[in-house]
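Colleague: A structural model of the following input is requested.
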Amino acid sequence: MSHNYVITFSRSARKELQRLEVVMARRVIAKVEALAAEPRPRGCRKIRGAHELWRLRVGEYRVVYAVDDSDRVVDVIAVRPRRDVYR
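Modeller: From the prediction side, this is the model:
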């Protein structure tokens, strides 16, 4: 029996997602929706020096998110181009 996680977006992540081209936004949304079933999929990486922050690669973009296993929540914090996400 699978207990899915709830996906939430920070206000800034929602704005960043709205600024993307439609095709890229759809790719990002598909990857983020998949996090509900598996919050740490193959290919995701823990961000060094950040407590419980993970990143997921979607083309040239990175989705930065936090996982709360006790409340079963995946909180998307940022959706940015690779060059900007770690600043």
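Colleague: state the distance from Tyr61 to Ala36.
Modeller: Using C-beta to C-beta, to the nearest Å, Tyr61 is found at 19 Å from Ala36. C-beta: built from backbone N, CA, C; applies to glycine.
Colleague: now the protein, which segments are flagged as low pLDDT?
Modeller: 1-3, 86-87 (pLDDT under 70).
Colleague: which one of Tyr61 and Ala36 has more residues nearby?
Modeller: Tyr61 (22 against 16; other C-beta atoms under 10 Å).
Colleague: show me what contacts the more buried one?
Modeller: Residues in contact with Tyr61 (C-beta atoms under 8 Å, 6 or more residues apart in numbering) are Leu20, Met24, Val28, Val79, Arg80, Pro81, Arg82.
Colleague: what's the closest of those to Asn4?
Modeller: Val28 (18.7 Å; C-beta to C-beta).
Colleague: tally of neighbours for the nearest residue to the closest one once chain neighbours are set aside?
Modeller: In space, Val28 comes closest to Val58 once its chain neighbours are excluded; the distance is 5.0 Å by C-beta to C-beta, 6 or more residues apart in numbering. The local packing of Val58 (other C-beta under 10 Å) involves 17 other residues.
Colleague: Tyr65 too?
Modeller: Quick note: Tyr65 (other C-beta under 10 Å) scores 27 neighbours.
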